[in-house]
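> got a sequence here, can you model it:
(one chain, ligands or ions: 2)
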Amino acid sequence: MAQLILNHVTKHFGGGRPAVSDVSLTVREGGFLALLGPSGCGKTTVLRMIAGFEQPSDGSIDFGERRLSDAARALPPERRNMAMVFQSYALWPHMTVAENVGYPLKVRGISGSAWQRSVADALALVKLTDYADRRPAALSGGQRQRVALARCLVTSPDVVLLDEPLANLDQHLRKSMEETFRIFHERSGATMIYVTHDQAEAMALATDVAVMSEGRLMQMAPPAEIYARPEGAVVGGLIGRGSVLKLAVPEGAPRALEWSLLRSALAGVRMEGAGDGAVRDVLVRPEHVRHDGEGMALRVVSCVFEGERFALTLALPDGQSLKAYGDRAIMPGDTARFVMSQGWRL
Ligand code: ADP
Ligand code: MG
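Residues are numbered from 1 along each chain as shown. Ligands and ions are numbered 1, 2, ... in the order given. Predicted structure coming up:
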């Protein structure tokens, strides 16, 4: 099995903080990794180093037994059997859809019926068979993105690198394209690395999510695990909805905190450290806050109808705010009783 391995990879572009700092990660063959983080955190630079458009300043990148690059040498991009899809699609305007898709084959000297067959297969996969003779200008944004996908598929790459491929599409189209990516991944069997700053997209698509911040890898784990057990305030704040609260958590408390502990931790903060614990970041998900007559009386700051539920913002006694979901409307300014059924110490 050929794994893609980044081993202590750093990239400096000049003075100041490196664009990528000491990133180590392994993507299994056929895996689907989402690289998630705010703009400027180094995602594109990681992708470009994997593709071979940039060389690491330090560390190494391997594919299976093969060294792709380190600070001393680098295999050129065309010898890596990887394909990269850019946010801008980068289609040739003067070529038809079929010619665009088949271009990488032509470059490799493939023509005739082998060319026809590969292009037809790739177009069928992205459901563009009927558009083969059109030019890119006569396509919608979503169709152009599918052409770009088909073009990267024709050469059967080992690794497909996607840099925010849906960033230029509207919300409705993004949802249907997510499905196309999932099918594309299943059928191609390629290892995929998908860069996005949209955590919902990352969670929906990937088998593993890697969160980056300021050039560093903060955590890498399957979506459900990173959602339930985020490490640190950066990951906790970036993945899913929730409130990061400052609470006085006793020494030796578990990372998963129950209501009784949360309640006393909250009281500890109000007494400014009079509790027996240090003030820590605790993540509370909105689905873990519920109406309960036994709970704490909290003032509702806002209530937004979201269709299937109401999104509430509550004021804790010390002024911190807490997100919750409710099944009925509550007037802002009113008070109701709530229980936090669980929290997670970051
Ligand atoms: P992201 O894709 O997460 O938005 P990038 O990898 O594009 O982040 O950029 C990370 C950092 O590296 C940024 O501060 C950016 O300005 C810097 N950077 C990226 N490419 C270059 C380059 N070719 N020359 C100089 N600085 C660069
Ligand atoms: Mg980028």
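> okay, now the domains of the chain?
4-229, 241-345 (automatic domain parsing).
> pick the most deeply packed of the ones you listed.
domain 4-229 (a mean of 18; mean count of other Cβ atoms under 10 Å). The C-beta positions use only the backbone N, C-alpha and C, and glycine is treated the same way.
> so which of the domains of the chain comes closest to ligand 1?
domain 4-229 (3.1 Å; Cβ to the nearest ligand atom).
> would you agree Phe53 is in contact with Pro77?
Yes: under the criterion of Cβ atoms under 8 Å, Phe53 lies in contact with Pro77, with a separation of 6.1 Å.
> just to revisit the earlier point, need the domains of the chain in CSV (columns: distance to ligand 1 and mean pLDDT).
Shown next, in CSV, are these (distance: least, Cβ to the nearest ligand atom, whole Å; pLDDT from 0 to 100):
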stretch, distance to ligand 1, mean pLDDT
domain 4-229, 3, 91
domain 241-345, 22, 88
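> go through the chain and flag its longest strand.
strand 289-305 (DSSP state E).
> what about the strands in the stretch 1-150 of the chain?
4-11, 20-27, 32-36, 58-63, 66-70, 82-85 (DSSP state E, counting those that start in this stretch).
> in a markdown table: those strands, plus distance to Leu128.
Converted to a markdown table, the strands of the stretch 1-150 of the chain look like this (distance: least, Cβ to Cβ, whole Å):
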| stretch | distance to Leu128 |
| --- | --- |
| strand 4-11 | 29 |
| strand 20-27 | 28 |
| strand 32-36 | 22 |
| strand 58-63 | 30 |
| strand 66-70 | 32 |
| strand 82-85 | 15 |
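> can you list the domains of the chain in JSON lines and add distance to Val235?
Listed next are these as JSON lines, based on distance: least, Cβ to Cβ, whole Å:
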{"stretch": "domain 4-229", "distance to Val235": "5"}
{"stretch": "domain 241-345", "distance to Val235": "9"}
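> picking that back up, other SSEs contacting the longest strand of the chain?
strand 310-315, strand 321-326, strand 335-340 (3 or more Cβ pairs under 8 Å, 6 or more residues apart in numbering; DSSP states H and E).
> swap in 10 Å and give it another go.
For strand 289-305, the elements it packs on are helix 259-270, strand 310-315, strand 321-326, strand 335-340, judged by 3 or more Cβ pairs under 10 Å, 6 or more residues apart in numbering; DSSP states H and E.
> distance of Tyr325 from Val339?
In this view, Tyr325 and Val339 are 13 Å apart by Cβ to Cβ, to the nearest Å.
> tell me, what's touching those two both at once?
288-291 (Cβ atoms under 10 Å, 6 or more residues apart in numbering).
> show me what contacts the residue nearest to Val126 when sequence neighbours are not counted?
In this structure, Val126 finds its nearest non-sequential neighbour in Arg146, 3.9 Å apart by Cβ to Cβ, 6 or more residues apart in numbering. With contacts defined as Cβ under 10 Å, 6+ apart, Arg146 is in contact with 89, 97, 101, 122-123, 125-128, 131, 139-140, 177, 180, 184.
> ok, now which ones touch the closest residue to Arg241 other than its chain neighbours?
Excluding the flanking residues, the one nearest Arg241 by Cβ to Cβ, 6+ apart is Pro286, at 5.4 Å. Counting by Cβ under 10 Å, 6+ apart, Pro286 touches 240-243, 309, 311-314, 322-326.
> helices of the stretch 51-200 of the chain, start to end?
97-107, 112-125, 141-153, 171-188, 199-205 (DSSP state H, counting those that start in this stretch).
> and the contacts of Arg146, which is closest to Val211?
Nearest to Val211, judged by Cβ to Cβ, of the contacts of Arg146 is Met177 at 22.4 Å.
> Gly326 is in contact with Arg290, isn't it?
Yes: between Gly326 and Arg290 there is a contact under Cβ atoms under 10 Å: 8.2 Å.
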